[in-house]
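>>> I'll drop the sequence and a predicted model, then ask my questions.
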Amino acid sequence: MEGTLLGRGWQVAAVEGLIEGDRPDPAHVHAILVDAASVDTNSVSAWLNAEGKKLEIPLVMAPDLAHAEGLAVELEAEEIPEVSGGRNIVRFWGVRGSIPSPGPDTAFYGGNTSCVELCVDGQLIILDAGSGIRTLGMNLMGRAAASKQPLEMYLLISHTHWDHIQGLPFFVPAYVPTNKLHVLGYSAVRHHLAEILAMQMEPTYFPISMDDMPSHPDVHEVDDHFEIGPVKAIAFFTNHPGRCAGFRFETSSGSVAYVSDNEINHDGQATHLPRETAAHLMQRMVDTLHGVRVLIHDAQYTRAEYQSKVGWGHSAVEDAVEMAGAAGVERLVLFHHDPMRTDADLNRIVRTARELAAKHGWSMRVDAAREGMEIHL
């Protein structure tokens, strides 16, 4: 329930129980939402009666997530952005880094590895082919059946670490001969992309080769600037082992940037870009991402965790927030969650990140990416 409210942009103060004598200030709290599946009504009654005076704000016993969502809609202030409206859409199908992490502790935010869909200006653009692309593929098959039209898809690969390509063999639309799949990669990051992608589908690893996919995917390497239909895009280096690309897309309703794996550090050289200092890398990222409407950025660690993981190629949440704030980003989506991170952990991270943005006076909205999340531009 906490995650449901956080996902709508709410500030949430989560507690595990109702403490006698602890009444929230009505000037700062819109409502008290009690998880009725975990807290019994007798304890709520005892808490209410202990004060001997009427509670001045609504208290709702919510038995499930639908009731929590309904409460949010009823009480929502006009200035909180709605995740609806607009024909250009960003959808999240895989949000984890490193390895899939399914289970009850990751069910809200999701456990699949990197895959994001952009439906923008009539183009279907897929960012990375982690395990999340399998579910996207099944969804696309349903859309194609409804429209009775074949699919034309552009799949951009940021880099070829397994958590960004492991879902490609299970992408059902690639097995339909009338569909067309274009696979694109940044030429300055990795040459011979076709051969690398085909390796994971050799008989040693998979029963069907990439050449046997009925859609016959074509693989291209793009330069710094390229176009997908009317969508203008740029590719740029990020600070990650083995070379990695980020992408910025200009659409008719604003810009979207995807920086799935990037290490923001503060001392000496940029770990994986030897000709750039950390300060130069930071400024280049700020310049490249300036004014982006939606930034999807690596935030795998907290700053405390990062101290023992320098050089691993991922950013601290706090650094991602500060870089995005300096770039004047409108909305930051924290991405590439650590596989050990539970839903409760991510809820805390969202609260901390929003507090940091508010402390700096930035109006930027901050969210954590979750599977099924949509952003309408």
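In hand now; what should we look at? Being a predicted model, the structure only gives us computed values, none of them experimental.

>>> From now on I want contacts and neighbour counts done on CA atoms only, so please keep to that.
OK.

>>> Find the nearest non-adjacent residue to E276, please.
Using CA to CA, 6 or more residues apart in numbering and skipping the chain neighbours, the partner closest in space to E276 is A270 (5.7 Å).

>>> burial count for the one you found?
24 (other CA atoms under 10 Å).

>>> quick one: it and L281 touch, right?
Yes: shown here, A270 and L281 form a contact pair, counting by CA atoms under 8 Å, at 6.8 Å.

>>> that older thread, quick one: pLDDT of the residue nearest to E276?
A270 carries a pLDDT value of 82.

>>> Phi and psi next, for K232.
When read as degrees, to the nearest 10, the backbone of K232 gives phi -90, psi 140.

>>> what pairs with it across the strands?
With DSSP bridges as the criterion, K232 is bridged to E227, E250.

>>> quick one, what contacts it?
Neighbour list for K232: 225-226, 249-251 [criterion: CA atoms under 8 Å, 6 or more residues apart in numbering].

>>> how much space between the closest residue to M138 other than its chain neighbours and M199?
Spatially, and ignoring its direct neighbours in sequence, M138 is nearest to V172 (6.6 Å; CA to CA, 6+ apart). Separation of V172 from M199 (CA to CA, to the nearest Å): 19 Å.

>>> okay, the two: which has more neighbours?
Between V172 and M199, V172 has the larger neighbour count (other CA under 10 Å), namely 18 against 14.

>>> Okay, now the unreliable bits of the stretch 151-300 of the chain?
For the stretch 151-300 of the chain, the stretches with pLDDT under 70 are 190.

>>> which residue ranges form the helices in it?
For the stretch 151-300 of the chain, the helices defined by DSSP state H, counting those that start in this stretch cover 193-199, 278-288.

>>> Which one, of these, ends up nearest to T342?
Closest to T342 of the helices of the stretch 151-300 of the chain is helix 278-288 (CA to CA; 29.0 Å).

>>> what helices or strands is the closest one leaning on?
Helix 278-288 sits against helix 317-326, with contacts defined as 3 or more CA pairs under 8 Å, 6 or more residues apart in numbering; DSSP states H and E.

>>> Given whatever helix or strand comes next after the helix it packs on, what are its sheet partners and their directions?
For helix 317-326, the following helix or strand on the C-terminal side (DSSP states H and E) is strand 331-335. Within its sheet, strand 331-335 is paired with strand 294-298 (parallel), strand 365-368 (parallel), according to DSSP bridges.
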